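Asker: Here you go, sequence then predicted model.
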Amino acid sequence: VVAIFSDDNIASILGAIVSLALLILNTYIKNFDLSGIAQEHKKASDLLWKIREEYVSLLTDFEMLDSNDIRNKRDELQERTSEVYSNSPRTDAKSYTAAQKALKTEEEQSFSEEEIDEMFACVREEVCEKCEKNSWCWGENYIQMYQMGYEILAAVDQYGNELDAETKRKLMQRCIMAPRFYRGMLDSFHEARQNMIWINRIARSREGCAAQLDLFADMLQNVAKNLEDSIFTDERLGKRILSQLKRKGIRVLSMHFLVNGEGKYELHLTMRTWKSEKIPVKSLAGTLSNLTGRRLIPGKEGAQLIGTDYTTVVFREGPSYYTMSGIARIGKGCSNISGDSFTMMDLPGGKRGVALSDGMGCGQAACRESTLVIELLEELLEAGFPEKTAIQMINTTLVCGREEIHYSTIDLTVFDLYTGECELIKAGASSTFIRRKDQIEHLTSTSLPIGVMNSLEIDSVKRQLTDGTYVIMLTDGVLDALPVGEQDFLLEQS
């Protein structure tokens with residue numbers, strides 16, 4: 001919970017603490033199961049792959065079947081396809097387009113004709129080469145052999161290493177070396193599938209690295225441009241500052257004026273004292289503020305005392321707002337270990353960031369996942385990366401660096417302390433509530449968590465805040481105690 005104020009107000013502070021305690025009891029429950037949806041999609045894709053292979057077998061047998069058999073088989077496949085679609089989860093148009101591209105060009109779930117021909121060639125060389133019926137099987141009856149091979153591949157994909165009774169009976173009737181032929185097809189299939197998995201994984205890693213390099217290049221370009229645009233000179237003001245600091249016993253080695261992206265002043269001074277005495281940096285802020293006509297405050301990252309050694313101090317234009325934050329959490333089943341992690345940090349440009357992450361599952365495993373995400377986010381944001389760029393880079397790292405899917409949510413709110421505006425950035429995160437004096441606004445997200453797909457859609461909205469506004473950020477596990485269907489009502493009444 002974050003409350004934003006424009007002046008010191010003890011009553012508002014106490015109100016924030018009391019409101020925090022009340023709102024923690026009234027939280028929002030998670031209303032969808034991502035892992036279940038992913039399993040349903042996987043099941044549907046496997047069924048569609050089987051239907052696709054049966055279509056290929058039907059085309060192979062086209063000349064051997066009469067028109068009625070072809071129509072009956074076609075109608076049966078269409079009916080099964082319709083049944084798969086009717087029982088599968090709904091998907092938006094963008095996902096359908098991506099799936100169409102994968103099936104048409106990338107062939108992520110199926111073998112190409114060249115790969116299947118290579119399987120048959122390996123089996124023919126290793127198993128059929130010394131068979132007395134080799135010329136007969138792969139000569140005038142090669143169509144039947146290809147059909148048998150396709151049926152074996154389809155059966156292996158559906159039933160595993162053990163063939164169903166019907167396919168085994170056909171193989172025994174057609175091939176005098178049926179056991180060896182089947183083992184050869186099985187070995188070729190598994191080898192080709194493993195190669196396909198590695199090729200897809202390498203392609204995803206290459207795409208992820210390329211995406212990170214693009215993001216990094218854009219950031220460097222923007223930083224260089226912003227730095228060039230921000231530097232300016234003011235000789236008259238500079239002479240006045242040197243004169244005043246000299247009177248205070250301070251020698252200035254260098255002085256630079258900057259204006260950040262929000263139009264706020266920054267003054268970088270490298271200085272030391274003439275004598276052995278030490279001068280507090282805060283005592284200089286008032287003098288510099290009077291000279292520049294702006295309320296300047298020293299940066300927290302620099303030295304707090306000026307001594308006989310040169311040191312660089314950054315004075316920035318003070319913000320108009322400040323925030324007060326509070327946090328409360330508990331593990332599932334009142335456990336001491338929570339799967340959720342958080343951070344609060346000062347960001348460049350007079351901004352304040354608050355982030356929550358909910359790891360997949362619960363307990364220590366979820367805690368490790370969410371902690372990893374938060375630590376990466378802290379390092380990237382402190383290094384100066386834009387918020388969305390940092391989240392994209394973390395997502396690429398998690399997707400490319402693991403074989404299994406371990407997703408985590410990110411809920412990031414960035415407060416601009418100069419303007420009072422906040423930006424809410426969500427990747428699979430739970431609801432956020434903005435409580436003003438006369439209303440409560442409920443903000444939700446429809447994006448996926450990070451660590452699932454290379455391409456990540458991030459939800460982002462901006463809101464203008466005023467004095468005394470509360471921003472309540474939640475993870476979905478906190479609200480399980482509320483009755484299903486009544487969460488929104490109870491939260492709005494709190």
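Answerer: That came through, no problem. Numbers count the residues shown, from 1 in each chain.

Asker: quick one: low-confidence parts of the stretch 51-200 of the chain?
Answerer: Low-confidence segments of the stretch 51-200 of the chain, defined by pLDDT under 70: 52-53, 55-65, 67, 85, 88-110, 159-161, 197-200.

Asker: Next, count neighbours for D164.
Answerer: Counted with other C-beta atoms under 10 Å, residues neighbouring D164 total 11. To be clear about C-beta, it is placed using only N, CA and C from the backbone, and glycine gets the same treatment.

Asker: How about it, nearest residue that isn't a chain neighbour?
Answerer: Of all residues not flanking D164 in the chain, A155 sits nearest, at 5.6 Å (C-beta to C-beta, 6 or more residues apart in numbering).

Asker: who's the nearest residue to I250 once chain neighbours are set aside bridged to?
Answerer: Leaving aside its chain neighbours, I250 sits nearest to M271 (5.2 Å; criterion: C-beta to C-beta, 6+ apart). For M271, the beta-bridge partners are V252, T311 (DSSP bridges).

Asker: And for M271, the neighbour number?
Answerer: What M271 shows, counting by other C-beta under 10 Å, is a neighbour count of 20.

Asker: ok, back up a step: check which helices and strands the helix or strand encompassing the residue nearest to D164 is in contact with.
Answerer: Taking DSSP states H and E as the definition, one finds A155 inside helix 142-159. Applying 3 or more C-beta pairs under 8 Å, 6 or more residues apart in numbering; DSSP states H and E, we find helix 142-159 packed against helix 34-60, helix 113-123, helix 165-174, helix 178-230.

Asker: Could I get the CA-only coordinates of the helix or strand containing S460 as CSV?
Answerer: Using DSSP H and E, S460 sits in strand 459-464. Provided in CSV are the C-alpha atoms of strand 459-464 (Å, rounded to 0.1, in the frame of the first residue of the first chain):
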residue,chain,number,x,y,z
ASP,A,459,-0.1,-4.1,-19.7
SER,A,460,0.6,-0.5,-18.7
VAL,A,461,-1.7,2.4,-17.7
LYS,A,462,-1.1,5.8,-16.2
ARG,A,463,-3.1,7.6,-13.5
GLN,A,464,-2.9,11.0,-12.0
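
Asker: Okay, now the sheet partners of the helix or strand just after it, with direction.
Answerer: As assigned by DSSP H and E, the chain's next helix or strand after strand 459-464 is strand 469-473. Sheet partners assigned to strand 469-473 using DSSP bridges are listed as strand 2-5 (antiparallel), strand 432-435 (antiparallel).

Asker: ok, now how distant is the residue nearest to D164 from M177?
Answerer: 18 Å (C-beta to C-beta, to the nearest Å).

Asker: And the two? Which one has more around it.
Answerer: Counting neighbours by other C-beta under 10 Å for A155 and for M177 shows that A155 has the greater number, 23 against 17.

Asker: Report the contact partners of that one.
Answerer: A155 sits next to 163-164, 167 when contact means C-beta atoms under 8 Å, 6 or more residues apart in numbering.

Asker: same check, this time on T273
Answerer: 249-251, 279, 306-308.
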